[in-house]
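Participant: need the 3D shape of this:
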Amino acid sequence: QVRLVESGGGLVEAGGSLRLSCAASGRSTSTYTMGWFRQAPGEEREFVALISRGGMTSYVDSVKGRATISRDNAKNTVYLQMNSLKPEDTAVYYCAGDVAYSVSRTPSRYDYWGQGTQVTVSS
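Facilitator: I've put the predicted structure just below:
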């Protein structure tokens, strides 16, 4: 069983930056595709970014150029650096892990989820 714990969320002014972290425990996630998703109140969970076991990355268009996903397999941790934050980035951000050798933006393809961390961007 894998446990994912997100951290790094908070309240930030528009234009600011945050680095979210997702620490995994229980087993190594180095072979997993790791993703970040977000969910705003009243909205469906939305794909934000993913990184494959080989380091390939993918981003939703709304964060391209502002977000960077990375992983440190030695620390069993995935990061999401978010810059130039906008009020519309406000959401609970979730980390997820997909044990299969797939690279998917679909939440249902992911096997493990963290509890989420709140990101609030004020205008």
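Participant: isn't Pro87 right up against Ala14?
Facilitator: Yes - between Pro87 and Ala14 there is a contact under CB atoms under 8 Å: 6.0 Å. Where you see a C-beta, it was placed from the backbone N, CA and C, and this is true even at glycine.
Participant: what do those two both touch?
Facilitator: Common neighbours of Pro87 and Ala14, using CB atoms under 8 Å, 6 or more residues apart in numbering, are 121-123.
Participant: in this protein, which spans are helices?
Facilitator: Using DSSP state H, no helices are found in the chain.
Participant: how close does the residue nearest the centre of the chain get to Phe47?
Facilitator: For the chain, the residue nearest the mean C-alpha position is Trp36 (2.2 Å; CA atoms, centre = their mean). For Trp36, the distance to Phe47 equals 8 Å [CB to CB, to the nearest Å].
Participant: now Asn76
Facilitator: Per CB to CB, Asn76 is found 22 Å from Phe47.
Participant: what do you get for Ala91?
Facilitator: 12 Å.
Participant: neighbour count winner among these two?
Facilitator: Under the neighbour definition other CB atoms under 10 Å, Ala91 and Phe47 were set side by side, and Ala91 has more, 22 against 18.
Participant: what's the local residue count around the nearest residue to that one once chain neighbours are set aside?
Facilitator: Once flanking residues are discounted, Ala91 sits nearest to Arg38: 3.8 Å by CB to CB, 6 or more residues apart in numbering. Using other CB under 10 Å, Arg38 is surrounded by 23 other residues.
Participant: list the contacts of Arg38.
Facilitator: Counting by CB under 8 Å, 6+ apart, Arg38 makes contact with 45-46, 48, 89, 91-94, 119.
Participant: so it bridges to which residues?
Facilitator: Note on Arg38: beta-bridge partners by DSSP bridges are Glu46, Tyr93.
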